[in-house]
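>>> okay, here's the prediction I keep looking at, along with the sequence it came from:
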Amino acid sequence: MNNPTPMDPSLLLNARQVASLLSIGRRTLWRHVAAGIVPPPVAIGRRKLWRRKEISDWIDVGCPPTGTLLSI
C-alpha cells in the first residue's frame, strides 16, 4: 500500500529528467520553457521541478505549445 503523497519525490522531475524524456539538452529545455513550448516548472524552494503527470499527459497529447508567442 504505497500510495504516493502530493509531495512524493517520485511525482516530481528535475530538469535533467525532463530533458532526458524529451531527448533534448537542459539548455534547450530552458529555452523551450521560456518560449512557452514546454509546461513551466513549479518552484519548491530554490528548485524548479515538473509534475511527472503533467509532463506525461503533455507528451501523450503530442507536445503542443503551452504558451503563446506574440508576433508584431
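Great, that's in hand. Numbering: from 1, shown residues only.

>>> so the residue most central in space within the chain bridges to which residues?
By CA atoms, centre = their mean, the mean C-alpha position of the chain lies nearest to residue 50, the distance being 4.2 Å. Beta bridges link residue 50 to residue 13 when assigned by DSSP bridges.

>>> right, and it touches residue 41 too?
Yes: the pair residue 50 / residue 41 is scored as a contact, 5.0 Å apart, by CB atoms under 8 Å. Heads up, the C-betas are built off the backbone N, CA and C, glycines and all.

>>> residues contacting the residue nearest to the centre of the chain?
12-14, 18, 39, 41-42 (CB atoms under 8 Å, 6 or more residues apart in numbering).

>>> now do the helices in this structure.
15-22, 26-35, 52-60 (DSSP state H).

>>> now those helices in JSON lines, with mean neighbour count?
Conversion of the helices of the chain to JSON lines gives the following (neighbours: other CB atoms under 10 Å):
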{"stretch": "helix 15-22", "mean neighbour count": "16"}
{"stretch": "helix 26-35", "mean neighbour count": "15"}
{"stretch": "helix 52-60", "mean neighbour count": "13"}
